[in-house]
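Engineer: Predicted coordinates and the sequence they were generated for:
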Amino acid sequence: MDDQNKNLILATALSFVVILVWFVLFPPPEGDVPVDGVETSQTAPAEGSLSAPSADLTSSTPGAQADTTTPPSAIESAARVGIETDRLTGSISLLGGRIDELALKDYSTSLDEDAQIVEVLHPVGTSEAEYAVHGWAAATGVDPSSVPGPNTEWTLSEGETLGVGSPITMTWDNGSGQLFSKTISVDEEFMFTISQSVENTGETAVAMAPYGILARHGVPSDLKNFFILHEGVVAMADGEYSETDWDDIPEFEFNPRAGARTQEANITENGWIGFTDHYWMSVLVPTQGSAFKSVIKYDERRDIYQVEAVMPVETVAPGTTSTVETQFFAGAKEWDVLKMYEDNGVYNFIDAIDWGWFVFLTKPIFWLLHQFNILIGNMGVAIIALTLFIKALLFPLAYKSYVSMAKMKELQPKMEKLKEQAGDDRQKMQQGMMELYKKEKVNPAAGCLPILLQIPIFFSLYKVIFVTIELRHAPFFGPFQDLSAPDPTTILNLWGLLPFASPEPGSIMALVFIGILPLLLGISMWLQQKLNPAPTDPTQQMIFAWMPWVFMFMLGSFASGLVVYWIANNTITFTQQYLIMRSQGYKPDLLGNIRSGFSRKSKAANKATSPSKSKK
């Protein structure tokens, strides 16, 4: 190698491209929920067994299918109970006891002052309706109309507005000796607790299975469709985490009994199931430690996606009451909130965040970033602090790498002499160089390890910045008010100094007229190159000359938080390499390498434009 450092940078660039192509062509396998083949019994199930409800949210009773959805007029005319906490606002419809209207007070759709707050649940009749219903499915032999379904009209018996410490209770009497009640409470964050009871005042025992259903009409209109982000169904079953994309669900096998395409999971005792978007999710959480079955269902006639969590059949003897308590999460995927619920018993709830392939890196990297942000109070500075920490962690390897590079520089005259002696005999030259490395105790590949370690760290940090809500709308300084978004500045208006609007983010103009952060990235890479003389090979010269500027435009559309990390990483690497090489007796001629680079370009330009001599 004529120039070890530059070859390592080239290896980094090529690795970057290879991994990107790999992720595009071979995305991570999405684990579908396994099918256990359990069929609903035609006889009354024994107590403790599971019976999947054929409940359809478009039906008036859980045991039957309907050809039309619940009329929006019925939803509009039904009585409602308000939801009001410090973080949530919305309402619950007494038609079915649906939790179907919910917005997050702490989050807005954009950084505009008049931006609306984020809505995560919507009632039937509105765009992209999504709602949760909890009820009872009649066991075989029990009249379906005797249990409350998605369209049952409940009566509010206690409470006026659902809030922290202010639960509400609704009741329904089936007229056959069973009194049903549903108590809903909410905590300070995003978790609802639903306590369902049935009191049997009749003369015979009744059997029914409690369930929770989460339904969504159509896929979200704002899908990212980005290969590193999962959107769709997310589930946990006894440590087995699974993801199912929206476009995979319509491919399920059609189940005539359910009248829809379905996929059932094995019976489990610890877990949850629901829908996840980029930053928000809604999840059914059955009682942890108690058996339940999860079901994914798609009604292609009405384009309704739904997930179900079905608990064991309860046999309620005369004169007794049966109560089942479950939970329902609807809100933002905040790390500390999910971790709190996990610590309080929701099994592996932190895995609802899409950590990706490098979960062993993404989790600790985010934890460190989160702690730095709590300590510093600025996410941009926290990213720089994280970069310093990572570089300090890798410093022993970096030191050996840069010492090896410095020794390689000292061997350059001897290597040139070997080339002259070997001539065109490449085998002789390689043998001579290996003997020289062995004699001088130099490892030419010593610089590769720090670079290779940086690649998974880079992608893990990219994953963290892209998927975690803590980076959404996180400010840095000045115009950088959202580190999860690309640099909002542009060279077109001299980064805000001229009265011209910036190009629309994601457009070709925004890609061409880059902001200040990508420009600083290119400059930092270029300066890092100039610590060493340019390679003598013309092809390598051209590649290294263009590499910083190619990366500048390629990373210009990435999240600005990632570009901040890359700039900080380049700056620290430049400083480390300069000081270590100086300590080894090799003084990098930074200004000389810069001047020589410009002089070569000038000579090449003059040679290209000078007229050729005519033959006489």
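Structural biologist: Looks like it arrived, so ask away.

Engineer: where's Pro318 relative to Asp114, distance?
Structural biologist: 59 Å (Cβ to Cβ, to the nearest Å). Yep, even glycine has a C-beta here, placed from its N, CA and C like the rest.

Engineer: Please compare those two by neighbour count and tell me which comes out ahead.
Structural biologist: Remark: of Pro318 and Asp114, Pro318 carries more neighbours, 12 against 6, as counted by other Cβ atoms under 10 Å.

Engineer: Check Ile117 and give its pLDDT.
Structural biologist: Looking at Ile117, its pLDDT reads 96.

Engineer: do the same with the one 4 residues further on
Structural biologist: Here the pLDDT value assigned to Leu121 is 96.

Engineer: Leu102 is in contact with that one, correct?
Structural biologist: Yes: at 4.0 Å, Leu121 counts as touching Leu102 under the criterion of Cβ atoms under 8 Å.

Engineer: The longest helix seen in the chain packs against which elements?
Structural biologist: Counting residues, the longest helix in the chain under DSSP state H turns out to be helix 560-583. Using 3 or more Cβ pairs under 8 Å, 6 or more residues apart in numbering; DSSP states H and E, the elements in contact with helix 560-583 are helix 379-393, helix 395-410, helix 448-467, helix 516-529.

Engineer: May I have the first one as CSV, with CA atoms only?
Structural biologist: Once side chains and other backbone atoms are set aside, the C-alpha atoms of helix 379-393 remain, and they are given as CSV (Å, rounded to 0.1, in the frame of the first residue of the first chain):
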residue,chain,number,x,y,z
MET,A,379,-29.6,16.6,22.3
GLY,A,380,-27.0,18.0,19.8
VAL,A,381,-24.4,18.5,22.5
ALA,A,382,-25.4,15.0,23.8
ILE,A,383,-24.5,13.5,20.4
ILE,A,384,-21.1,15.2,20.5
ALA,A,385,-20.6,13.9,24.1
LEU,A,386,-21.5,10.4,22.9
THR,A,387,-19.0,10.7,20.1
LEU,A,388,-16.3,11.7,22.5
PHE,A,389,-17.2,8.7,24.7
ILE,A,390,-17.1,6.2,21.8
LYS,A,391,-13.8,7.6,20.6
ALA,A,392,-12.3,7.4,24.1
LEU,A,393,-13.6,3.8,24.3
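
Engineer: distance between it and the chain's centre?
Structural biologist: Counting by Cα atoms, centre = their mean, to the nearest Å, helix 379-393 is centred 21 Å from the centre of its parent chain.

Engineer: tell me which strands and helices that helix is in contact with?
Structural biologist: helix 359-376, helix 560-583.

Engineer: one step back: let me know which of the helices and strands packed on helix 560-583 is the nearest to Ser221.
Structural biologist: The closest of those to Ser221 is helix 448-467. By Cβ to Cβ, the value is 19.8 Å.

Engineer: Just the strands from the stretch 201-350 of the chain, written as ranges.
Structural biologist: 206-217, 232-237, 240-245, 254-255, 260-264, 271-276, 280-285, 293-299, 304-310, 314-316, 321-332 (DSSP state E, counting those that start in this stretch).

Engineer: circling back: how about the longest helix of the chain: buried residues?
Structural biologist: 560-574, 576-578, 580-581 (16 or more other Cβ atoms under 10 Å).

Engineer: what's the average pLDDT for that helix?
Structural biologist: Here helix 560-583 scores 88 as its mean pLDDT.

Engineer: same thing with stretch 86-103?
Structural biologist: Here the average pLDDT along stretch 86-103 is 96.

Engineer: Could you list the buried residues of it?
Structural biologist: 87-103.

Engineer: swap in stretch 473-491?
Structural biologist: For stretch 473-491, by 16+ other Cβ under 10 Å, it's 473-474, 476, 479-480, 482-490.

Engineer: can you check stretch 170-177 too?
Structural biologist: 170-172, 174.

Engineer: Out of these, flag the one nearest to Phe513.
Structural biologist: Among these, and counting by Cβ to Cβ, the member closest to Phe513 is Met170, at 57.6 Å.

Engineer: Quick check: chain neighbours aside, which residue is closest to the closest one?
Structural biologist: Once flanking residues are discounted, Met170 sits nearest to Trp154: 3.9 Å by Cβ to Cβ, 6 or more residues apart in numbering.
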